[in-house]
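J.: Dropping a prediction and its sequence here:
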Amino acid sequence: LDEAESNPAVKGIVFQGAGKAFVAGADIKFFVDNIKSHNIAATYAFTKKGQELLLRFENSPKMTIALLDGLSLGGGSEVALACQAIIATPNGSFGFPETGIGIFPGLGGMIRMERHLGPELAKYYIFTGKTLRAEEALQLGIVTKLVEPTMIEQAIKEVVAAGKFNKYRPRTIPAAFDEKKKVCTDENVERLLDGELPQGVSQEFAEKTAKIIAKKAPIAMKMTNELIDAQSKVSIEEAIKIELERLFDIFSTKDALAGLQSPPGRPPKYEGK
């Protein structure tokens, strides 16, 4: 990154996944080992360094572009969101599984989703972990260009040539997302966290969302809600500091260890401790 930024011939920096995924998330074993060895400080240091790097992506003098040609999960979605532009193919997607494994997104993903979508819709995707497909992300203004794989090179040239823009520009959220917004109003979030059905949406959608939330780690859910509310009032730089301040709290819970250790396909039983 240092080399690319200091090279006057470089106009843009593109980040691309090496395999089928863009980035499939963090190294869960690293987190588990640190909890078991009482070394959450190592997770803190890793997270702080990651946050600083992603701020560099966002504020680089060069145009930084995420090439989303596959799924991104957790930290992978946070890497993409930190870039100044996102070029995606129909294979691209975002997802935040963290609250399902006892933690919260820790690399600025919450505040960046909130800046794009507002708190309600950001909470919906972060609380539920539902996949946000590239096509939907284009409609929401998160993805800059959606192209077929054969058109990637051309799209990169066009985005770099167009120059920098305000990725968090004000926008109108399409009506197709109204129910997802309504289900995560402040009042409905309180209901969901209390195990009750949200109001003002269809019965089917209310039950479906409540069922998803009921399987999440309760402490992680409560903390995520508090964090998004607090972050929405400050700058991105301040917001990620708020996130970091709660890192020891979340990784010290029994639920975090249970969630991070849970085998795929076997949801852990959370105790709220």
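T.: Sure, I can see it.
J.: what number of residues lie near the residue nearest to residue 68 when sequence neighbours are not counted?
T.: Using C-beta to C-beta, 6 or more residues apart in numbering and skipping residues adjacent in sequence, the residue nearest residue 68 is residue 92, 3.5 Å away. C-betas here are computed from N, CA, C, even on glycine. Other residues within reach of residue 92, judged by other C-beta atoms under 10 Å, total 27.
J.: How about residue 176?
T.: Using other C-beta under 10 Å, residue 176 has 10 neighbouring residues.
J.: What of residue 59?
T.: Using other C-beta under 10 Å as the criterion, residue 59 is surrounded by 12 other residues.
J.: try the one 4 residues further on
T.: Around residue 63 sit 21 other residues, with neighbours defined as other C-beta under 10 Å.
J.: State the phi and psi torsions of it.
T.: In terms of degrees, to the nearest 10, the main-chain angles of residue 63 are phi -70, psi 120.
J.: so it makes contact with residue 10?
T.: No. Under the criterion of C-beta atoms under 8 Å, residue 63 makes no contact with residue 10, lying 9.5 Å away.
J.: one step back: let me see the contact set for the residue nearest to residue 68.
T.: Remark: with contacts taken as C-beta atoms under 8 Å, 6 or more residues apart in numbering, residue 92 is in contact with 22, 68-72, 133-134, 137, 143, 146.
J.: Could you list which of the residues you listed belong to strands?
T.: 68, 133, 146 (DSSP state E).
J.: which SS class is residue 166?
T.: Per DSSP: H, G, I helix; E, B strand; the rest coil, the secondary structure class of residue 166 is coil.
J.: That one and residue 179, how far apart?
T.: The gap separating residue 166 from residue 179 is 28 Å, by C-beta to C-beta, to the nearest Å.
J.: Between these two, tell me which one has more neighbours.
T.: Neighbour totals were compared for residue 166 and residue 179, and residue 179 leads with 16 against 7 (other C-beta under 10 Å).
J.: which is the next helix or strand following the helix or strand containing the more buried one?
T.: Using DSSP states H and E, residue 179 sits within helix 178-182. Under the assignment DSSP H and E, the closest C-terminal helix or strand after helix 178-182 is helix 186-193.
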